[in-house]
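Participant: sequence-free structure coming up:
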Ligand SMILES: C[S@@+](CC[C@H](N)C(=O)[O-])C[C@H]1O[C@@H](n2cnc3c(N)ncnc32)[C@H](O)[C@@H]1O
């Protein structure tokens, strides 16, 4: 039998030593929320009824994903992230456990949220095959690693293969939201998406893409970019 080919991953998977509470969250709580290989992505994955499905690719520390899921209890959120420390941070946000806290006997979601997040702690490109056509209502790809050097351009997540997969997974009328603060990636993304006939850019004037959308949640990464003088752009594309 042919083994599926594992795509080469170029970012970080492990960072500084993960502190104790985070380690326990990863070993004891993550398995409850983890999407298994071969498991099909649909609305029945969650511990609560949901009527839409959103996906966040490369959720980093999880601030955006955790807050979107809290605000929208009727939407099921799939988050994909390879960086373990980021996954652990998301778990602190959704359980309300602080790193310095003594861990409770049983770890549960914090009281202000429902069971509407599932986590894929691996390379998003491997998850695409588990998502049936026209399943997702929205995809967030926020501040993807820019890989600014020309010789690394083939590592950029926005590329024809991934655009085709995202288009396939989105419902007609669904939204792909891409944000970036890097000048190379801004031009790259606009150019790649201009060549994607499956999508139309929803912007009608400059304000649409220079300013945060109304349902936006800032992340640490974005605040750092702003502090360093890099202005992000916010691009919403609709699946035709
Ligand atoms: C620059 S960070 C931005 C994080 C977050 N979206 C934010 O705005 O704070 C990009 C993230 O994408 C993750 N990433 C890159 N390629 C990925 C892939 N193929 N699958 C899952 N995560 C990926 C990285 O590990 C990193 O955490």
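Facilitator: Received the coordinates, thanks. Everything quoted here is computed from the prediction, not taken from an experiment.
Participant: and for residue 172, the neighbour number?
Facilitator: 9 (other CB atoms under 10 Å). Just so you know, the C-beta spots here come from the backbone N, C-alpha and C atoms, and that holds for glycine as well.
Participant: tell me the SS of it?
Facilitator: The three-state label given to residue 172 by DSSP: H, G, I helix; E, B strand; the rest coil is strand.
Participant: excluding chain neighbours, what is closest to it?
Facilitator: residue 239 (5.8 Å; CB to CB, 6 or more residues apart in numbering).
Participant: partner residues bridging the one you found?
Facilitator: On the basis of DSSP bridges, residue 239 takes part in beta bridges with residue 199.
Participant: residues in contact with it?
Facilitator: Residue 239 sits next to 167, 170-176, 198-199 when contact means CB atoms under 8 Å, 6 or more residues apart in numbering.
Participant: pull out the buried positions in the helix or strand hosting residue 209.
Facilitator: If you go by DSSP states H and E, residue 209 is part of helix 206-210. Residues residue 209 are the ones in helix 206-210 that count as buried (16 or more other CB atoms under 10 Å).
Participant: does any part of the very next helix or strand once past it sit near the ligand?
Facilitator: Elements were assigned by DSSP H and E; along the chain past helix 206-210, the next helix or strand is helix 220-227. Yes: using CB under 6 Å from any ligand atom, helix 220-227 reaches the ligand at 221-222.
Participant: let the chain start at 633 from now.
Facilitator: Yep, numbering from 633; the last one is helix 852-859 now.
Participant: for helix 852-859, name the packing helices and strands.
Facilitator: Judged by 3 or more CB pairs under 8 Å, 6 or more residues apart in numbering; DSSP states H and E, helix 852-859 is in contact with no other helix or strand.
Participant: near the ligand, which residues of the protein?
Facilitator: Counting by CB under 6 Å from any ligand atom, the chain sits next to the ligand at 643, 689-692, 712-715, 718, 755-757, 774-777, 789, 851, 853-854.
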